[in-house]
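Peer 1: Sequence first, predicted coordinates after that:
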Amino acid sequence: MTNYNPASSKLTAKEVIAIAIIGIISGGIFSLLGLAIGQNLISAEILISLDQNITQLVADFRSPELIQVFIWITTLGVWQLATPLLAASIVMLIVLRRSLLILPLLVSSLGGTAFSILGKLAFQRPRPAEAVLFEHSYAFPSSHATTAIAFYGFLGYLLIRSVSGWQQRITLFFITGLAVILLGLSRIILGVHYLSDILAGYLVGGFWLIIAIGLTEWLIAGDKVSMPNNIDVKSRARSRLLAVGALAYVASFILIYQPVYTTTLQTAVVQLNNPIGPLPALKK
C-alpha cells in the first residue's frame with residue numbers, strides 16, 4: 001500500500017493541460033458516438049411509437065398533486081440551482097484540500113452540459129405536445145438527465161470514494177442512483193421529454209462521468225489525491241458548515257422556484273386552488 005505524500009500532490013502545468021485535453025477529447029468522441037446512435041434510434045418507428053405511448057399514458061394519469069411533487073424534484077436539474085451547487089462543490093473541494101478533484105468535476109459537468117446543448121442544436125427535436133412546463137430549448141437529449149449523471153453522479157462517486165465502509169458505500173450508491181432516476185423520471189411525468197430523450201441524456205452524461213472517474217482514479221493511483229479523505233478537524237467543521245448551507249439553499253430554492261407553466265397546467269392549478277367542488281382531473 002502506498003502512503004499519501006502531500007509533496008507529490010501537485011500537478012505540473014503540462015500534466016493539467018494533458019489531462020484536460022485527454023478528458024475533453026475522449027468524452028467528446030464518446031458523446032458524438034452516443035449522439036450518432038441516438039439519431040438512428042429516435043428515427044426508428046418502434047421507438048417513436050414507444051415514446052408516444054408512454055407520453056400519452058403518463059398524461060392520462062397525471063394529477064396536479066403529482067405534478068407538484070415532480071416539479072420539486074425536477075428543480076434540482078435547472079441551471080439556476082445546479083450552477084451554484086457546482087460552485088459550492090468547488091469550494092468544498094478546496095476546503096477539504098482536494099483541489100485537484102476540481103478538474104474531473106469540471107470535465108464531467110461542463111463536458112456533459114456542452115454536448116447536451118450541441119445535441120439539442122443538432123437534432124432540434126420538438127418537445128412533446130403534452131408538456132405541462134414551457135421550455136425554451138429542444139428535447140433531445142435531456143439536459144436534466146445529463147446533469148443527473150455527469151454532475152450529481154460524480155458527486156455521488158466522490159462521496160462513495162470518501163468513505164471506507166462497504167455499508168456506507170452501498171447506501172450512498174443507492175441514494176445517488178435513486179436521485180438520478182427520479183430526476184430523469186420527473187421530465188417524463190411533467191411531459192417535457194420523451195423516454196428516448198432521457199436515455200440519451202443518461203448516455204451523454206455517462207460518457208463524461210466515466211472520463212471523470214478515470215481521471216480521478218488516475219490521480220489517486222499516482223498519489224496526487226488521498227481517498228478516503230484524511231481531513232483535519234478545522235477543515236471537517238468548515239466542510240460540514242458549507243454542506244448545511246448548500247442544503248439550506250437547495251431547500252429554499254425548490255420552495256420559491258416558479259417554473260413557466262403551459263396554459264393547460266395554469267388552468268388546472270387555478271381549479272385546484274378553488275375550494276368549491278371536487279378536485280378536477282387534469283385534461284390534456
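Peer 2: Perfect, thanks for sending it. Residues are numbered from 1 along each chain as shown.
Peer 1: what about residue 161, how many neighbours?
Peer 2: Neighbour count of residue 161, defined by other Cβ atoms under 10 Å: 19. For the C-beta atoms, the positions are set from N, CA and C on the backbone; glycine is no exception.
Peer 1: now residue 165
Peer 2: Once other Cβ under 10 Å is used to define contacts, residue 165 is seen to have 9 neighbours.
Peer 1: how close does it sit to residue 223?
Peer 2: According to Cβ to Cβ, to the nearest Å, residue 165 stands 23 Å off from residue 223.
Peer 1: Look at residue 151 and give its secondary structure.
Peer 2: Three-state call for residue 151 (DSSP: H, G, I helix; E, B strand; the rest coil): helix.
Peer 1: so where's the stretch 101-250 of the chain shaky on pLDDT?
Peer 2: Under the criterion pLDDT under 70, the flagged ranges of the stretch 101-250 of the chain are 228-230, 232.
Peer 1: how about the strands in it?
Peer 2: Under the criterion DSSP state E, counting those that start in this stretch, strands are not mapped anywhere in the stretch 101-250 of the chain.
Peer 1: Okay, helices next: where are they in it?
Peer 2: With DSSP state H, counting those that start in this stretch applied, the stretch 101-250 of the chain shows helices at 102-123, 143-147, 153-162, 166-189, 195-221, 233-256, listed in chain order.
Peer 1: out of those helices, nearest to residue 46?
Peer 2: For the helices of the stretch 101-250 of the chain, the distance to residue 46 is smallest for helix 195-221, at 10.9 Å, taking Cβ to Cβ.
Peer 1: Check which residues of that closest one are buried.
Peer 2: Within helix 195-221, the residues that qualify as buried by neighbour count (16 or more other Cβ atoms under 10 Å) are 195-216, 219-220.
Peer 1: What residues of stretch 144-164 count as buried?
Peer 2: The neighbour-count criterion (16+ other Cβ under 10 Å) identifies 144-162 as the buried residues of stretch 144-164.
Peer 1: right, I mislabeled it, should have said stretch 219-233
Peer 2: Within stretch 219-233, the residues that count as buried by 16+ other Cβ under 10 Å are 219, 220, 224, 225, 226, 227, 229, 231.
Peer 1: a markdown table for those, including distance to residue 113?
Peer 2: As requested, those are exported to a markdown table (distance: Cβ to Cβ, whole Å):
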| residue | distance to residue 113 |
| --- | --- |
| 219 | 22 |
| 220 | 25 |
| 224 | 26 |
| 225 | 24 |
| 226 | 29 |
| 227 | 25 |
| 229 | 27 |
| 231 | 30 |
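Peer 1: just the residues you listed now: which is nearest residue 170?
Peer 2: The shortest gap between residue 170 and any of those belongs to residue 227, at 17.2 Å (Cβ to Cβ).
Peer 1: What sits closest to that closest one if chain neighbours are left out?
Peer 2: Using Cβ to Cβ, 6 or more residues apart in numbering and skipping residues adjacent in sequence, the residue nearest residue 227 is residue 161, 4.8 Å away.
Peer 1: Also residue 98?
Peer 2: Counting by Cβ to Cβ, 6+ apart, residue 98 lies nearest to residue 225, which is 5.9 Å off, once chain neighbours are set aside.
Peer 1: Touching, the one you found and residue 219? I think so.
Peer 2: Yes - with contact defined as Cβ atoms under 8 Å, residue 225 reaches residue 219; the gap is 4.5 Å.
Peer 1: Can you check which residues contact both of the two?
Peer 2: 100, 101 (Cβ atoms under 8 Å, 6 or more residues apart in numbering).
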